[in-house]
Each structure stands twice: as structure tokens, then as C-alpha cells.
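**Q** Predicted model follows, preceded by the sequence.
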Number of protein chains: 2
Amino acid sequence: MREIKRVCVVGAGAIGSLLVGHIGALPDIDMTVLVRRESHARDLNESGLKVTGKSNLTARVLASTDPADLGDVDLVIIATKTTAVEASVKKFKGYFPNAAVMMIQNGMGCERLVRESGDWPIIAGLTFMSGVRKSDMHVDYELDTPTWIGPWGDEPENPGYEAIKQVEALINHSGLICEAYEDLRPVQWSKLIFNSAVNTIGALTNTPHVPFYADTQELSDLGNLVRDMMAEGVAIARAHGVELSSDPWAMNCKAVSQGGSHGSDVYAHITSMLDDVRHKSYTEVDWITGSIVRASHDVGLPAPYHETLYRLVKGLEKSWSLEPGGQ
Amino acid sequence: MREIKRVCVVGAGAIGSLLVGHIGALPDIDMTVLVRRESHARDLNESGLKVTGKSNLTARVLASTDPADLGDVDLVIIATKTTAVEASVKKFKGYFPNAAVMMIQNGMGCERLVRESGDWPIIAGLTFMSGVRKSDMHVDYELDTPTWIGPWGDEPENPGYEAIKQVEALINHSGLICEAYEDLRPVQWSKLIFNSAVNTIGALTNTPHVPFYADTQELSDLGNLVRDMMAEGVAIARAHGVELSSDPWAMNCKAVSQGGSHGSDVYAHITSMLDDVRHKSYTEVDWITGSIVRASHDVGLPAPYHETLYRLVKGLEKSWSLEPGGQ
């Protein structure tokens, strides 16, 4: 990988804006942004991107809805939700021939969508940071928790670990927190199994992440389901040769007993899937629970809990089409 | 069992009112009704109960909130929802020493609640008829589909089949439709397994019983879940020595392809559990899906689908307590 001088962030929601605002404020970096709306690109080109909260920065950027306007770059960071990755990648297909592509989505498996559109080296990643988007040109940096990156399991040498360390250094230099792992899978799977259970159960029961999720006294208690579903996920990870970095059930019990995992109250309450469902917005279930279902099929293990929760959330999404004026 | 001359119906919702209005209109029957509200008893005593729709009848009745007012009876029919059976039985504990008690609830297992309060002979039953309650004194008879009765599996000789045939004759004589079975379990389990899947999945996905329930093309399709859950139920029934009268999956596919099972559009749409959940009213899940979960434990079979759906519906019910002003 070449020295990183030009970076393109794809998508400027809360996470994308945090990356643009921090990395783009570095004096030796040219920051470009690929967005969906013309008005968003115009605003960013005119005003730059301001970060408040845990940082206080303004980045000058070159933004466009057309990758042809952005020139060559060394690193692309896809910062859209999983549900928008496919469309985003198709948009810059054929561009950025010398770039590595870094992912940061919830869930797993979006890397394959990137590979279908080009042969860029791929860096896997997940993030725990959070921010609140105040406008197209302003994001508030709330949780300064880390972003974890590492090799993509399917092609661990493309790029090699040295390139990944370069990206880690760049992000840390910008004021965000990044940790590189030689094997990302143990942390990725731990978080995935945790997210899969807590998000789908929350979306279907309309329940924020509260102590009910650890109740196992009565046969009917929700904690029994959380525990059984997580145990199934752990078995599927093991069958893929992954030893988890953390026990998802312990993560769950700790989070609800503290009123928040990762030291945050924000996290503990409304999960992203519950928020999506409340807004009748398609969820990331295909990349969270769906990726565990597919992984179970790859190794021939049964996955009744993950299949059930996956199909129920997909069914709930489908129900919106039955409503008058539905999607 | 003595000749049936005095009948007490417990609970006068739609189903209870249909029974009171028909059986109570027979000239040789004294009909009594045990209800919860004083005003309901007073209205029934003053005006009797009128049936319109598929029948056109008015029954004179003796109604009370206190079983001591009702005297001796030969047959008690408990016509409340499953969720009210326990409280109803406790109310007439110690009364009606010569009566047999007939059940008509969705699901299974309510008989045990009766046995805990007295040693009445018990007749098991389930009903497909339906009506719409227009007022405390008026019910509209909509679906003239049958009520099935038979021995309670735990005590099949108490009362014997002859007494059950007597009840069948009485109900048919009144203009309702009743069929007695020497072994009720094959029809009971078929309906139970069908109901368990369709009701819980509908309640969680906010989906009436529509063709989605038979879709099995995509990994994510809801029909895959319906089919897998029903297959699990069939295995649990078999382990209890029950060969089903109908295949629940075939019942499901037929119902959605016809726009209604049992020849009715009404049925096909909003299931009772979905209706309960939409009104934030506690469901019958403990007696429907919960009874299959308990039956799986009795024979040591795994029941991940039924356990999952059971716990999710219980979790959804619990979520109402988290809301401001919640239960």
C-alpha cells in the first residue's frame, strides 16, 4: 500500500461524518467524500465539515455524487449502513484503482459485495464510536470508543497487516481511536453474536436492552432465549475455527446490570434495529443475523434460533407492505 | 351423569353468549350464567339473551356473580378465555357438586386448573364457532362451525364417553353444532399446532394470516419458519402417542390459498393473538404455545421453535410494563 495521502469516505451519515471531520482535518491529507445527494455535496464543498463534542475541528473536503470528480485515492472507507453498501460500491465500480477499501459496517459479509465490483484490497472493520449528525455539515462526536480493523477472513493477505497498521496509525493520528488486530474474527464474532440476539429480540418485543434480557428464572423468561441463541452462535463461530474474545452472554449480563455496555447509557437503551423497526425502516438483519444463518449453512450446523429470529424480522419488515400506503 | 336439566355457563363473552342463547332457549333446560360484573347479571336477568344472525332466539336465564345464587346444576361450561379460567374456577370452587365441567378454550392444559379446585368430571373441548357480541344481552351468531368435545386425556373415564355423547346431543339439539370424539387428542393437537405457529408468528410480525405464511422460496421466507415450527409440534405430539387428524402445514397452506380456513374470510385475517397484542391485552400464549413447550419437556424432546416464539410473545407482553403508564 502506498503512503496514505488521499482518502475517500463513502457516505456521510454520523459515522462517515466523524471520519471525514477528523481525518480530513489532518494537514497532509486530501479528503474526498462520495455522497448520494447533490445538495449534500454542495454544502460540504462550501462549508466543510465541522465536528463538535469530544473534538473541535473543521475539515475542508472535496465532495461529489460522482466518483469521477474525486480523482485517485489511496484509501476508501465505506461508511454507509449495510443496507446501502451494495448500491454505494456499484457507484464507484471502476474507480480508485490504487485504493484499499476499508469496511466499518455492523454484521458480516458486506466484503463480498465489494469484491463483486472490483479487486481492491479489503480491510475489515467494526466501530463502537458514535456521534449525532446535526446537519449535512456538522456532527457531534459523542462516544470516543474504538474502531477495530483487521484482515478480511477470506483474503487475509490482501492487503497485508502492514497496510492495516498504516490505516490504524492514520485514524489514531486524526484523534479517533483505532485498534488493529492480526485476526479480527474473535472480536468481530463476539460482537456479532451479541448484536444478533439483542437487536432481533429487541426489534420483535419492542424492548430496549434492559435487565429482562438476563432473566432466566421462569421458563418463559427472555434471558433463556438470549442465552440459547448466543450459545448457538458461539457453536457456529467455533465450527468456523473462531475462539471468541468475549463471551456474548457475559457481555449481555454485564451491559444490562450496568445500564449500558461500553460504558454508555445511550447504547443500553434503543438498539439500532429497534430504532429502525419503530421507524419502519429496513433493518441490517441480513448482515447481522442473516450472516450467522449463512455461516451455519457453510458448516452444516443447525441454527434454529438464528433462523427463527432472522425470519421473524424479515416477516415484520414485509408486514409494512400490507399496510395501506405501505412500502 | 344425570339427565341434563340445569346448565351453568361461566363467562358470557361471544362464545359464552352463543351457548347461553342456544341451550338456554331449549324449553326443558334451566340456564344459569355466572358472570363477573353485577350490571351484566342484572341485564341478563331482566332481558334474557338474544341471538341474531345464523339463529334467531331469546333465552330466559338466571344470572349472577355469585354461584350460591345459581343452585345445583348438571353441567358447567367454562366459556371464558384461557387467561380467565383460573379465576373463574376459584369462584365456583365448592359449588355444583353433581356437575360435569366442560372446557372450550383455545390451547391445552386448562383442565388442570379445574382439577386443582374440585373433583368434577371434566370434558375437554374446543370450538370453531364464532359470534360478535353486540351488547351484554345480544350476540350475533356468525360462523356455524362445530364445537368438538371428548375425554380429557389425563382422566379419560371421568366422565365416560356416554356422558360426553349426552352433552353432544344437548348442544346439537340447541341448534349449535357439536361433534364428540372418543379420542379428542388428534383433532386437538392438529388445531393446537396450527394455532401455535400462526398466532405467535402473527403477533410478533404484526401480520394477519396471509400467503406469506406459506412462502418457502427464500432462506428468509416466513413459510420456512411456519413449516419448521409445525414439524417440531408434530414430533412432540407423536412422542405423546398422538397421530394427528390433519397435517398443520397442509391446513396452513390451504387456509392462506383460500383466503380463509374453515371456509371463512374472518378467520384468515387477524388471529386472536394478533388482536390481543394490538390491544396490549395479555394473550393466551401460555395455553397455546406454552402447552406445547411443557409437553416437550414431559417427553424430553427439544423445542427450540416453540420455546423461542413463546418467550418472544411473553417478552412483548412484558414490554408493555416498560411504557409510561404501562401495566
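**A** Yep, that arrived.
**Q** which ones are touching the nearest residue to residue A:249 once chain neighbours are set aside?
**A** Distances taken as C-beta to C-beta, 6 or more residues apart in numbering or on different chains put residue A:230 closest to residue A:249, at 4.9 Å, once the chain neighbours are dropped. Just so you know, the C-beta spots here come from the backbone N, C-alpha and C atoms, and that holds for glycine as well. Applying C-beta atoms under 8 Å, 6 or more residues apart in numbering or on different chains, we find residue A:230 in contact with A:193-194, A:197, A:248-249, A:252.
**Q** Filter these down to just the ones in helices.
**A** In helices, defined here by DSSP state H, the members of the contacts of residue A:230 are A:193-194, A:197, A:248-249, A:252.
**Q** pLDDT weak spots in chain A?
**A** Counting by pLDDT under 70, chain A contains low-confidence ranges at A:259-269, A:325-327.
**Q** all strands of it, in order?
**A** Taking DSSP state E as the criterion, chain A contains strands spanning A:6-10, A:30-34, A:49-53, A:57-59, A:62-64, A:75-78, A:100-103, A:122-127, A:130-135, A:138-143, A:147-151, A:178-180.
**Q** For beta bridges, what are the partners of the closest residue in space to residue A:34 that isn't next to it in sequence?
**A** Nearest residue to residue A:34 in three dimensions, chain neighbours excluded: residue A:10, at 4.6 Å (C-beta to C-beta, 6+ apart). With DSSP bridges as the criterion, the beta-bridge partners of residue A:10 are residue A:34, residue A:78.
**Q** got a list of what residue A:10 touches?
**A** Listed by C-beta under 8 Å, 6+ apart, the contact partners of residue A:10 are A:16, A:33-34, A:76-80, A:88, A:92.
**Q** Equivalent analysis for residue A:240, please.
**A** Counted by C-beta under 8 Å, 6+ apart, residue A:240 has contacts A:185, A:189, A:295, A:298-299.
**Q** So which of the ones in helices among the contacts of residue A:230 is the closest to chain B?
**A** residue A:197 (11.0 Å; C-beta to the nearest C-beta).
**Q** Distance check, that closest one against residue A:127.
**A** Between residue A:197 and residue A:127 the computed distance is 20 Å (C-beta to C-beta, to the nearest Å).
**Q** more crowded one of the two?
**A** When residue A:197 and residue A:127 are compared on other C-beta atoms under 10 Å in any protein chain shown, the one with more neighbours turns out to be residue A:197, at 28 against 21.
**Q** The closest residue to the more buried one other than its chain neighbours: how many residues sit nearby?
**A** Across the structure, with C-beta to C-beta, 6+ apart as the measure, the residue nearest residue A:197 apart from its sequence neighbours is residue A:229 (4.5 Å). Using other C-beta under 10 Å, the number of residues around residue A:229 comes to 28.
**Q** ok, residue A:229 touching residue A:196?
**A** Yes: between residue A:229 and residue A:196 there is a contact under C-beta atoms under 8 Å: 7.4 Å.
**Q** what touches both of the two?
**A** A:306, A:309.
**Q** Find the nearest non-adjacent residue to residue A:212, please.
**A** Distance criterion C-beta to C-beta, 6+ apart; nearest residue to residue A:212, sequence neighbours excluded, is residue A:222 at 4.9 Å.
**Q** and chain B, which of the contacts of residue A:240 reach it?
**A** If you filter the contacts of residue A:240 for contact with chain B, counting by C-beta under 8 Å from any C-beta of the partner chain, you are left with nothing.
**Q** quick one on the thing from earlier: return the most buried member of the strands of chain A.
**A** For the strands of chain A, the largest average neighbour count (mean count of other C-beta atoms under 10 Å in any protein chain shown) is found in strand A:75-78, namely a mean of 28.
**Q** what's near enough to touch residue A:45?
**A** Shown in contact with residue A:45 (C-beta under 8 Å, 6+ apart): A:61-63.
**Q** Where does the stretch 51-200 of chain A get nearest to chain B, residue-wise?
**A** residue A:200 (9.4 Å).
**Q** For the closest residue in space to that residue that isn't next to it in sequence, list the residues it contacts.
**A** Leaving out its chain neighbours, the residue that sits closest to residue A:200 by C-beta to C-beta, 6+ apart is residue A:309, at 3.9 Å. Counting by C-beta under 8 Å, 6+ apart, residue A:309 touches A:196-197, A:200-201, A:204, A:229, A:289, B:308.
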